[in-house]
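Novice: Quick one: sequence plus predicted model below, questions after.
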Amino acid sequence: MQMIDDLGDALAVLHDPGFVVPPVPAATHGVAWLRATVGRFSDGESHTRRRALSEALLSTVDPKALRAAASSSPHAHPVQHLAAALGLDSSAGTIDAVRVVAAAYQPGTGDETAADVAVRTLVDTFGGTPDESTAARIGLLVQACDATATLIDRARAAGLEAALRDTPPVPATKRLATRPTALGNTRVEAGEVVRVSLHGIPFGAGPRSCPGRTHALALAEGALTATFDPDGSVVADAGGPVVAAAGGSMVTGDGGPVVVGGSVVAAAGGSVVTGVGGSVVADAGGLAVADVGGPVVAGGGRAVGGSAVAGPISGSVAAGSGDAQ
Ligand code: HEM
């Protein structure tokens with residue numbers, strides 16, 4: 001399969017009505033039904049109508065609200081925030097089903113049998129009627145699923161701008177040429193399928209570009225803001241390790257907006273407060289406070305002592321040699 005790498009050629013293909021999305025067969029159920037009923041895999045009037053359904057759904061979601069939700073629970077799957085904001089069921093079972101479908105959404109990429117079961121679950125959960133409107137709801141969550149989660153992961157390591165620029169979460173897309181076309185030195189025959197690189201255009205381009213761009217960016221920005229707050233204060237969600245630089249403060253736990261399930265490490269001078277069950281390790285000079293049941297380790301053999309306070313019920317405290325104050 002030819003790859004269209006050059007940005008100018010890629011833009012030309014994505015804007016050229018002579019290049020269409022490779023068609024998918026009609027189907028009555030399962031992930032094949034989903035593909036045959038969403039805008040993503042259709043063309044012409046069906047695409048226009050179905051894309052409008054997706055846009056109408058997205059227009060009910062304020063990106064600022066998504067950003068805030070992602071910021072207060074940055075380690076929840078972004079699809080959970082999107083489903084909740086759309087007024088859809090956002091239970092773990094639904095998010096799992098979306099992930100299973102996402103893994104097989106592109107034809108030939110995943111476990112179709114598992115995806116068929118998951119599509120049935122999602123149709124039932126979203127009202128039971130297998131029509132274009134239900135497909136649009138499922139399609140929106142499925143489209144958002146892996147791309148947004150991947151974007152957030154990479155942005156945590158490299159920053160949002162660099163992640164989008166250097167490692168686009170959707171690296172390429174496919175188009176079918178309906179007529180012979182010359183692109184620079186490349187000739188594409190009628191009936192040929194090409195891979196179009198999305199390097200430099202991470203949300204695509206032309207009439208099929210991503211309608212969820214603003215919402216995806218809001219989810220990513222929210223998740224990143226929570227982890228690396230510019231003020232130096234950090235709020236962590238369940239499961240994630242958190243590291244704050246010297247002087248930063250971290251507050252987690254029940255009673256606050258978030259709960260920490262992972263471990264927290266604060267450098268000298270930082271203070272850490274966790275809720276039930278959180279474990280805390282404070283470096284020299286740091287102050288660690290763990291609530292009910294949380295173990296606390298302070299100091300750890302450093303010259304300058306840390307101080308440790310454990311919760312009233314079953315917290316244990318271990319202080320490094322001579323460090324506890
Ligand atoms: C809230 C999150 C997201 C939603 C709701 C969403 C939704 C959609 C939908 C419905 C389409 C199909 C549009 C059509 O066929 O007319 C689409 C296409 C696309 N999305 Fe997204 N998306 C999300 C996140 C992302 C992210 C994070 C990326 C990558 C950075 C991305 C990249 C793309 C691309 C490249 C296409 C076009 C594919 C093509 O032209 O073949 N999307 N998206």
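Specialist: On my side now, so go ahead.

Novice: And what about A190, helix, strand or coil?
Specialist: Of the three states, A190 takes coil under DSSP: H, G, I helix; E, B strand; the rest coil.

Novice: meant to ask about M3
Specialist: Applying three-state DSSP: M3 is strand.

Novice: Could you pull out the strands in the stretch 1-150 of the chain for me?
Specialist: Remark: strands assigned in the stretch 1-150 of the chain by DSSP state E, counting those that start in this stretch are 2-4, 19-20.

Novice: among those, which is the most enclosed?
Specialist: strand 19-20 (a mean of 20; mean count of other Cβ atoms under 10 Å). Bear in mind the C-beta positions are built from the backbone N, C-alpha and C, glycine included.

Novice: can you list the weak-confidence ranges in the protein?
Specialist: Counting by pLDDT under 70, the chain shows low-confidence ranges at 227-325.

Novice: what do you get if the cut-off is 50, keeping everything else the same?
Specialist: 227-233, 235-241, 243-271, 274-325 (pLDDT under 50).

Novice: any idea how far L140 is from the residue of the stretch 101-250 of the chain found nearest the ligand?
Specialist: When scored by Cβ to the nearest ligand atom, the stretch 101-250 of the chain has G212 as its residue closest to the ligand, at 2.3 Å. Between G212 and L140 the computed distance is 7 Å (Cβ to Cβ, to the nearest Å).

Novice: overlap in contacts of these two?
Specialist: The contact sets of G212 and L140 overlap at S54, L58 (Cβ atoms under 8 Å, 6 or more residues apart in numbering).

Novice: between the two, which one's more packed in?
Specialist: In this view G212 and L140 are compared by other Cβ atoms under 10 Å, and L140 has more residues nearby, 27 against 22.

Novice: how much space between the more buried one and E189?
Specialist: Separation of L140 from E189 (Cβ to Cβ) stands at 35 Å.

Novice: coming back round to it: looking at the strands of the stretch 1-150 of the chain, which is nearest to the ligand?
Specialist: Using Cβ to the nearest ligand atom, the strands of the stretch 1-150 of the chain put strand 19-20 closest to the ligand, at 10.1 Å.
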